[in-house]
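Participant: Need the 3D shape of this:
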Amino acid sequence: MSETLKMAQIGTKHGHAQGVFEVMSAHPEVEMTGIYEPDTGRRERLKSSGDPAWSSTHWFDDASEILDDPEVVAVSSEGANRESLAQTEQIIGAGKHAFYDKPAGDDYERFHEIVEEAKRNNLLLQMGYMFRNHDGFERVANWARSGFLGHVFQVRAHMSTWLPEKTPDNDVQGRKGLSHHRAGILYDLGGHMLDQVVWLLGRPNRVTSFLQNAASETREFMDNTLAVLEYPRAIATVDIAAMEARPMARRFEVYGTEGSAIMEPMEPADKLRLTLERPKDGFPEGVSEIQLEARPRYVASFASFVRNVKGETEPERSLEHELLVQETLMRATGGLSG
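Facilitator: Down below sits the predicted model:
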């Protein structure tokens, strides 16, 4: 394999599409060959937008120009939530590694089949959950998984946002566009927090959700949501709303029998509050405030993906973990029984 990897992107309607494309383009070991956007009207608008990210790249007229090119080894899947599963299926089916932005569609069985095909053909399929290389989440996960906090009995995750009713330049976003999906905002953002929760606690015994439209004109959109994950000796809650006043108070809390860790805000990373019953590993008894490194989104995660493609490292999350996150999301949003 050459030192520089040829990659491409399919789709632009995901909320993270531009950010991921910019990170891929900036990576010194990646040659971005271009983008395919199936919506010709959107393609032309982006090409003529004057935004350097879109106006300076090559635009393909057909996905086959990417999928049939043997020199393109990996593709980012950045279509809207309603189209990205089929696009990822094409990418894996063409023998390409996939960097797949969240969530993994509405059809769990179809995603499972895609993962199995990736396994059979030794292909990488990395979900684009943006907090995996976040300084605060990494510290908390290490403490929780190592037993540093004692027995973890409770996790609370709050990741609300503010969305407009409609987004005229991208009609699949906003409250109106996301009402296409069962559970609304929980479907759209819940995977970020479930990715962290199941990394800490594993597969929940039961998932129960509460879904409400509290403030949106689009009445079928669930804008005020809560998922409760029950474990044999722990409970985790994930609450997400779509109309929180800005800046949002996004917060992640982990409670153990020997200590707790609380992070707010999540972005930009600032401080982590660690509480310990007794001195441990250089930290004193009581409360410590730990300064966090504010890392840009996607950079470390995509760099890890590049190393994986080159065979230099193994993925930080297994395909079994990717399946577990999606299964848990589907249980939370009603796509699978609880």
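Participant: I'd say Ile235 and Ala227 touch.
Facilitator: No. Ile235 lies out of contact with Ala227 (Cβ atoms under 8 Å); the separation is 11.2 Å. (Each C-beta comes from the backbone N, C-alpha and C, glycine too.)
Participant: Mind checking which of those two has more residues around it?
Facilitator: With neighbours defined as other Cβ atoms under 10 Å, Ile235 and Ala227 compare such that Ala227 has more, 28 against 15.
Participant: Assign a three-state SS to that one, would you?
Facilitator: strand (DSSP: H, G, I helix; E, B strand; the rest coil).
Participant: I'd say His192 and Met159 touch.
Facilitator: Yes. When contacts are counted by Cβ under 8 Å, His192 is listed as touching Met159 (6.2 Å).
Participant: any common contacting residues for these two?
Facilitator: Counting by Cβ atoms under 8 Å, 6 or more residues apart in numbering, His192 and Met159 have no shared contacts at all.
Participant: Please report how far Thr40 lies from Asp62.
Facilitator: Counting by Cβ to Cβ, to the nearest Å, the separation of Thr40 from Asp62 is 11 Å.
Participant: Same question for Gly190.
Facilitator: Plainly put, Gly190 is 34 Å away from Asp62 if you go by Cβ to Cβ.
Participant: who has more neighbours, these two?
Facilitator: Shown here are Gly190 and Asp62; by other Cβ under 10 Å, Gly190 has more neighbours (28 against 10).
Participant: So which residues of the stretch 51-200 of the chain form strands?
Facilitator: Counting by DSSP state E, counting those that start in this stretch, the stretch 51-200 of the chain has these strands, from start to end: 59-60, 72-77, 97-100, 125-127, 152-158.
Participant: residues of stretch 210-220 that come out buried?
Facilitator: 211, 213, 216, 218 (16 or more other Cβ atoms under 10 Å).
Participant: now swap in stretch 28-44 and tell me
Facilitator: Under the neighbour-count criterion of 16+ other Cβ under 10 Å, stretch 28-44 has 30, 32-33, 35-37, 39, 42-43 buried.
Participant: ok, and what's touching it?
Facilitator: Residues outside stretch 28-44 that contact it (Cβ under 8 Å, 6+ apart): 3-13, 21, 24-25, 46, 57-63, 65-66, 69, 72, 79, 83, 170, 306, 310.
Participant: Do me a favour and get the end-to-end distance for that stretch?
Facilitator: 28 Å (Cα to Cα, to the nearest Å).
Participant: So which of the contacts of stretch 28-44 are in helices?
Facilitator: 21, 24-25, 46, 65-66, 306 (DSSP state H).
Participant: Can you tell me which of the buried residues of stretch 28-44 is nearest Arg246?
Facilitator: Nearest to Arg246 out of those is Arg42 (Cβ to Cβ; 26.6 Å).
Participant: doesn't Ala261 make contact with Arg273?
Facilitator: Yes. The pair Arg273 / Ala261 is scored as a contact, 7.1 Å apart, by Cβ under 8 Å.
Participant: Compare these two (neighbour count), which wins?
Facilitator: Neighbours were counted for Arg273 and for Ala261 using other Cβ under 10 Å; Ala261 has more, 24 against 14.
Participant: from what I can see that one touches Lys271, true?
Facilitator: No. The criterion here is Cβ under 8 Å, and Ala261 misses it with Lys271 at 11.2 Å.
Participant: hang on, the earlier thing: could you single out the nearest of the buried residues of stretch 210-220 to Gln196?
Facilitator: Within those, the smallest distance to Gln196 is 21.1 Å, found for Leu211 (Cβ to Cβ).
Participant: quick one: the closest one is in a strand?
Facilitator: Yes. Judged by three-state DSSP, Leu211 forms part of a strand.
Participant: Name the nearest residue to it, ignoring sequence neighbours.
Facilitator: Met222 (4.2 Å; Cβ to Cβ, 6 or more residues apart in numbering).
Participant: Tell me, what's the model's pLDDT at the one you found?
Facilitator: Note on Met222: pLDDT of 98.
Participant: Could you look up the SS state of it?
Facilitator: Assignment for Met222 (three-state DSSP): coil.
Participant: from memory it sits against Ala214, does it?
Facilitator: No. With contact defined as Cβ under 8 Å, Met222 does not reach Ala214; the gap is 9.2 Å.
Participant: Quick check: closest non-adjacent residue to the residue nearest to the spatial centre of the chain.
Facilitator: The centroid of the chain falls nearest to Tyr129 when counting by Cα atoms, centre = their mean (2.3 Å). The shortest distance from Tyr129 to any non-neighbouring residue, by Cβ to Cβ, 6+ apart, is to Asp195 (4.2 Å).
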